[in-house]
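Visitor: Below are the sequence and a predicted model; questions follow.
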Amino acid sequence: MWVDDGSLHGYYTDSSPFEDSNAGGTYTVYVVADFPYGSQEFELTSYIAKIDAAKIAAKTFNGILRDNDLVGVAYFNGTGGGWIRQAEVVQSLTQNKNLANSSIDGLSAYGGTPMGDGIWVAERELEANSSECVNCTPVIILLSDGNPTLPSPSSLAIQLALQNATNAKNTQVNGENIIIYTIGFGSDANETLLQQIATSSSYYHFAATADEFQDIYEQVARELLENAGTNITITDVLPSDIELSSVPEGATITYTDDGRTIIQWNISTIKINQTWTASFYVKPQTEGTVETNVYGLSNVTYLPTVNATSFRTIYLPSGQLRVERLETERVELK
């Protein structure tokens, strides 16, 4: 590339004497500025293929993982002119990130997009390696820059992708549901579909550029690594004058001799920015101001993920109800 007094004289290889214009192949670009006076500004724009951007981002993701984390690589595409479905694991789950990176480097872009098959082989790989990852979070990260096209027609391909995603999200590996992150890359990505495939809308990301693509992979890696806590126990103790009307989902109930009700949930992991909620109905047995739980006994205990040497306890605040009447008032007309 030759710039003289701010004028661009064309695109050339580094071979002399600039005989070839718009040459293909691999070559080196030199920017030679020949400004006899003052200063000039110019821009040099380079482009990277989507598959290369994906490789760089995926290997960046692997570089953030811890030594004992497992990572695998699967791909899906079409062969035979883009009409034959193909999806397979090219690197089984391993702690060796160099092996994973080598398999990423070997990927190529072809025609045809059997997205549902890709989800299926990833789910099968996680299930097959459950014994290798007892305390792991099973995750699928799905990247796509377009619509599913296989099996044909595309409506069937979309249906298969959604069905296999639902099956995967409902599949547990060592008691943990599989989480699906989806990343749309480029203007052709089907954002609506990828949001539906993801565990929730917050697990979908869109990248318009290679830099954004890499940032997203880094964000996903940190979300997976930065658990807020593990081995969480949530305990809510109702006083004797509060009756539990319905058993909340996922809770165990214990009744004490003095009339108290202990509601307890056990959760393996809660991640940073994850929200956990529970709701249930109670019925007061006395009028006036009543406490809805017993302070000091109602708490959350958890094991922090950083410097996890002992459990921590957070006490739940005590709620109050003002009860005017226990029964509805009757009016008798004569």
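Guide: Looks like it arrived, so ask away. For clarity, every value in this text was computed on a predicted model and none was experimentally measured.
Visitor: element containing the residue lying closest to Phe311 once chain neighbours are set aside?
Guide: Distances taken as CB to CB, 6 or more residues apart in numbering put Thr301 closest to Phe311, at 5.1 Å, once the chain neighbours are dropped. No exception for glycine: its C-beta is placed from N, CA and C like everyone else's. Assigning secondary structure by DSSP states H and E places Thr301 in strand 299-303.
Visitor: Could I get the buried residue list for that strand?
Guide: For strand 299-303, the buried set under the neighbour-count rule, 16 or more other CB atoms under 10 Å, comprises 300, 302-303.
Visitor: possible to save those as CSV with distance to Thr199?
Guide: Shown next, in CSV, are those (distance: CB to CB, whole Å):
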residue, distance to Thr199
Val300, 24
Tyr302, 22
Leu303, 24
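Visitor: Distance from stretch 326-334 to the middle of the chain?
Guide: With CA atoms, centre = their mean, to the nearest Å as the basis, stretch 326-334 stands 56 Å off its chain's centre.
Visitor: returning to what we had before: let's test this: mean pLDDT of the strand holding Thr301, rounded?
Guide: If you average the pLDDT over strand 299-303, you get 91.
Visitor: on that earlier part again, wait, what's in contact with the residue nearest to Phe311?
Guide: By CB atoms under 8 Å, 6 or more residues apart in numbering, Thr301 lies in contact with 232-233, 235, 311-314.
Visitor: Helices of this protein, residue ranges please.
Guide: In the chain, the helices defined using DSSP state H lie at 50-64, 97-105, 115-128, 154-169, 191-197, 210-225.
Visitor: Check the offset of the shortest one from the chain's centre.
Guide: The offset between the C-alpha centroid of helix 191-197 and the centroid of the whole chain comes to 13 Å, using CA atoms, centre = their mean.
Visitor: For Leu142, see how far away Pro248 is.
Guide: The gap separating Pro248 from Leu142 is 33 Å, by CB to CB, to the nearest Å.
Visitor: Same question for Thr289.
Guide: From Thr289 over to Leu142 (counting by CB to CB), the distance is 53 Å.
Visitor: So between those two, which is more surrounded?
Guide: Neighbours were counted for Thr289 and for Leu142 using other CB atoms under 10 Å; Leu142 has more, 22 against 10.
Visitor: Thought Lys50 was touching Ala109, still the case?
Guide: Yes - with contacts counted by CB atoms under 8 Å, Ala109 reaches Lys50, the gap being 7.2 Å.
Visitor: Looking at those two, which is more packed in?
Guide: More crowded of Ala109 and Lys50, by other CB under 10 Å: Lys50, with 17 against 12.
Visitor: so that one touches Gly186, yeah?
Guide: Yes - here Lys50 reaches Gly186: they are 6.3 Å apart, a contact under CB under 8 Å.
Visitor: shared neighbours, the two?
Guide: Each of Asp145 lies in contact with both Lys50 and Gly186 under the rule CB under 8 Å, 6+ apart.
Visitor: so where's the stretch 1-150 of the chain uncertain?
Guide: Flagging of the stretch 1-150 of the chain using pLDDT under 70 yields the residue ranges 1-47, 82.
Visitor: before we move on, back to that, which one of the contacts of Thr301 is nearest Gly116?
Guide: Nearest to Gly116, judged by CB to CB, of the contacts of Thr301 is Ile232 at 34.5 Å.
Visitor: Mind listing the residues bridging to the closest one?
Guide: Beta bridges link Ile232 to Ile267, judged by DSSP bridges.
Visitor: Return the residues in contact with the spatially closest residue to Leu321 that is not a sequence neighbour.
Guide: Among residues not flanking Leu321 along the chain, Val290 sits closest, at 5.2 Å (CB to CB, 6+ apart). Taking CB under 8 Å, 6+ apart, we find Val290 in contact with 239, 241-242, 284, 320-321, 323.
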